[in-house]
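K.L.:
Got a sequence here, can you model it:
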Amino acid sequence: MTTQLLGDDPAPDERGDVSVADFDTIGPYRVLQQLGQGGMGIVHLALDARGRAVAVKVLRTHVAHDDDARARLAREVDTLARVRSQRIAPVFDADLEADQPYIVTRYVPGPSLEQLVREQGPLDAESLLRLARGLAEALRSIHEVGVIHRDLKPGNVLILDGDPVVIDFGIAHVADTSRMTMTGLVMGTPGYLSPELVEGGDVTPATDWWGWAATLVFAATGRSPFGRGGMEAVLARVCRGDADLRDVDPELAPLLYAALTPDPQLRPDADEVLMALEAWSRGRPLTDVLPQRTRALQADATRTLPPVAAAPAPVRRAEPPAPWGSGDWTDPRPAPAPTPTPAPVAQSGHTPWPGTAPAGMPGDRPGDPRIGKPRRSEVLAALLAAAVALATAVPFVGLGLAVLWSWLARTVDTSMTSTVRRRHQFGRRRSDGVVAAMASPWHLLTAGLKTIVAALLPIAVGAAGLLAAALAQSAVDGLGVRLAAPVPLAVGSLLALLVAWWGPGGPGLRRGSRSLVRGVTGVPAARVVLTAVLVVFAVGVLGALAVGALEVSWWPGVSSPLPGPEQLPAR
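P.N.:
Down below sits the predicted model:
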């Protein structure tokens, strides 16, 4: 057996009253008890050769020979070897070549933040500030060595003597390496996935600051910031930035809203977070340190705001403040300049052994293969233009194909999500493909029902847009309200498609559509050709309709089902 020593010798820890009369061994480590488990591995409390406590994470037998699982374990070892911080649980020993690979981490004799809040309730202001600073210190430490955690959430934060320790780097992303496509979406905790992870976007340090804010909201309120419910509903709220900060200190809420914005470029960075925390700790408004993220305002566009009156009793949901850095703000009250929290101090000597939360290993599970794949936005934009053109020229055909595409995309998304959930629970199996094929009729049925329900709002909005466009066109040309004219049809089609894409049920449609497009545009040349064909089709059809070279066809019907100008009441 080959092991690699990655850090200092483990520090002694409290033995407790655990009996070691009965134990197994993992390498040279004596197993005392199981701490937690996940879809891929089990974490044990163990003793080393000198009787000191360690946490040993072992891959399950059914995934031990899976290349992806071993790669993830190796990535966790490599990631933690880069980081030196009091706020990170490092790896000290690992055997990646054993029949059942394992890693040995420092053991933390403390509960997870999730367990602590569930049992004792939300944190008070002092404890919350301590947590916020500790997590910020941890994130700065890992970002300085080019690592992004990607899965910061209450279950991955242990509390030791009031201070946080971040664990579980199994899906961490190294900024200067290629992305592992099978490690991303951790099923079961959708409320702590940043919008860019949900949408398959780029992973940056801003991803971790989003997780930092979501974790603080839970600590302050005892609730997930994006509520409960079905995965798709929660992810939709995540992508909209619809956070519930009802019980958060109103003076802290602007910072958390800013960090939870769907646009990573608008989120505060490490220095801004620390400055804002310092201002909050001194009782100063966070508008003091809000940076300017958008365009510069004119000199006469800014003004000094009066002191904010005491907030009334909490309501159902707090209104989000202006975007982080939407303008220049000044504090009307005299106060000392904000002092940034000192940079993380390098770890020295021996410290207590952190490990894995007894609640299990929520991050150590197979991920979603869609995360990290190209989004194909240019192809989808061209497809939207072509769909609008087709729905304008041949409305019945365009509507039918749009519904068919929605059904197919949702079926693909449902099937892939179901596979990820099975792997999350049981690990990767050879029967995954067979099970997916056998479940396809059910996926088709459920996707069809979702398509019907999700189509109601887009159709209503599209009809309203069609009528509004027809009225506007009538006011311009004086030819009466022509609902079946190209312009109203194009406007109505565009609005309907946009609402279907971004409205209720949109995340499943977006994920499935991107999967379908990626499937036919794997080769760069195919992507370029398909985009060009769709754009040429859209421009040609809409141009021909505009100049009268092409008339609207109601095939397979005979005539328009919409009333003509003579059938509508005169204005």
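
K.L.:
Mind jotting down where the helices sit in the chain?
P.N.:
Ranges of helices in the chain, per DSSP state H, are 67-82, 113-120, 125-144, 195-199, 205-221, 231-240, 253-259, 270-281, 377-393, 395-426, 432-477, 486-502, 506-520, 524-547.

K.L.:
what residues are up against the residue nearest the centre of the chain?
P.N.:
In the chain, the residue lying closest to the centroid (Cα atoms, centre = their mean) is Ser194, at 2.4 Å. By Cβ atoms under 8 Å, 6 or more residues apart in numbering, the residues touching Ser194 are Ala206, Thr207, Trp210, Gly211, Val238, Pro264. (Each C-beta comes from the backbone N, C-alpha and C, glycine too.)

K.L.:
Is it possible to get TSV of the residues you listed that adds pLDDT?
P.N.:
Output for those, formatted as TSV (pLDDT from 0 to 100):
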residue	pLDDT
Ala206	94
Thr207	93
Trp210	96
Gly211	94
Val238	91
Pro264	93
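
K.L.:
how about the residue nearest to the centre of the chain, phi and psi?
P.N.:
phi -70, psi 160 (degrees, to the nearest 10).

K.L.:
Do I have it right that Val552 meets Pro395?
P.N.:
Yes - using Cβ atoms under 8 Å, Val552 is in contact with Pro395, at 7.1 Å.

K.L.:
what's the closest of the helices of the chain to Leu35?
P.N.:
helix 113-120 (12.1 Å; Cβ to Cβ).

K.L.:
Let me see the mean pLDDT of the closest one.
P.N.:
With pLDDT averaged residue by residue, helix 113-120 scores 94.

K.L.:
now for that helix, which elements pack on it?
P.N.:
Counting by 3 or more Cβ pairs under 8 Å, 6 or more residues apart in numbering; DSSP states H and E, the packing neighbours recorded for helix 113-120 are strand 157-160, helix 205-221.

K.L.:
got these as a markdown table, with distance to Val461 columns?
P.N.:
Listed next are the helices and strands packed on helix 113-120 as a markdown table, based on distance: least, Cβ to Cβ, whole Å:
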| stretch | distance to Val461 |
| --- | --- |
| strand 157-160 | 42 |
| helix 205-221 | 30 |
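
K.L.:
Show me where the stretch 351-500 of the chain dips below the pLDDT cut-off.
P.N.:
Where the stretch 351-500 of the chain drops to pLDDT under 70, the residues are 351-373, 423-428.

K.L.:
Show me which of the contacts of Ser194 is closest to Pro486.
P.N.:
Distances from Pro486 to the contacts of Ser194, taken by Cβ to Cβ, are shortest for Val238, at 37.9 Å.

K.L.:
The closest one: how many residues sit nearby?
P.N.:
Using other Cβ atoms under 10 Å, Val238 has 28 other residues around it.

K.L.:
going forward can the numbers begin at 10, since that is how I track them
P.N.:
OK, 10 is where the count begins now, so the last one is Val247.

K.L.:
Wait, it touches Glu205, no?
P.N.:
No - at 10.2 Å, Val247 does not count as touching Glu205 under the criterion of Cβ under 8 Å.

K.L.:
Only C-alpha atoms, please: export stretch 161-173 in CSV.
P.N.:
Only the C-alpha atoms of stretch 161-173 are listed here, as CSV (Å, rounded to 0.1, in the frame of the first residue of the first chain):
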residue,chain,number,x,y,z
LEU,A,161,-20.2,26.1,0.6
LYS,A,162,-23.3,25.4,2.6
PRO,A,163,-24.3,24.9,6.2
GLY,A,164,-23.6,21.1,6.0
ASN,A,165,-20.1,21.8,4.9
VAL,A,166,-19.2,24.1,7.8
LEU,A,167,-18.3,22.7,11.2
ILE,A,168,-18.4,24.9,14.3
LEU,A,169,-15.6,24.4,16.8
ASP,A,170,-15.6,26.7,19.9
GLY,A,171,-17.7,29.2,18.0
ASP,A,172,-15.4,29.4,14.9
PRO,A,173,-16.2,27.8,11.5
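
K.L.:
Check the offset of that stretch from the chain's centre.
P.N.:
20 Å (Cα atoms, centre = their mean, to the nearest Å).

K.L.:
Would you mark the buried spots in that stretch?
P.N.:
Leu161, Lys162, Pro163, Gly164, Asn165, Val166, Leu167, Ile168, Leu169, Asp172, Pro173 (16 or more other Cβ atoms under 10 Å).

K.L.:
Over to stretch 448-456?
P.N.:
Buried-residue list, stretch 448-456, by 16+ other Cβ under 10 Å: Ala448, His452, Leu453, Ala456.

K.L.:
how about the nearest residue to the first one once chain neighbours are set aside, what does it touch?
P.N.:
Right, the one you point to is Ala448. Nearest-residue entry for Ala448: Ser427, 6.3 Å, with adjacent residues in sequence omitted and distances by Cβ to Cβ, 6 or more residues apart in numbering. When contacts are counted by Cβ under 8 Å, 6+ apart, Ser427 touches Ala445, Ala448, His452.

K.L.:
So Ser427 versus Met447, what's the distance?
P.N.:
11 Å (Cβ to Cβ, to the nearest Å).

K.L.:
same thing with Leu54?
P.N.:
41 Å.

K.L.:
Equivalent analysis for Phe178, please.
P.N.:
For Phe178, the distance to Met447 - Cβ to Cβ - is 36 Å.

K.L.:
ok, those two, which is more surrounded?
P.N.:
The residue with more neighbours, out of Phe178 and Met447, is Phe178; 30 against 10, by other Cβ under 10 Å.

K.L.:
Skipping adjacent residues, who's closest to that one in space?
P.N.:
Thr88 (4.4 Å).

K.L.:
isn't the one you found right next to Asp177, touching?
P.N.:
No - with contact defined as Cβ under 8 Å, Thr88 does not reach Asp177; the gap is 10.4 Å.

K.L.:
out of the two, which sits in the more crowded spot?
P.N.:
Asp177 (28 against 24).

K.L.:
So which of the contacts of Ser203 is surrounded by the most neighbours?
P.N.:
Top of those by neighbour count (other Cβ under 10 Å): Val247, with 28 neighbours.

K.L.:
Next up, the contacts around that residue.
P.N.:
Per Cβ under 8 Å, 6+ apart, neighbours of Val247: Pro199, Gly200, Leu202, Ser203, Pro204, Val207, Phe235, Pro271.

K.L.:
Now that we have these, which of them are buried?
P.N.:
Members of the contacts of Val247 classed as buried by 16+ other Cβ under 10 Å are Pro199, Gly200, Leu202, Ser203, Pro204, Val207, Phe235, Pro271.
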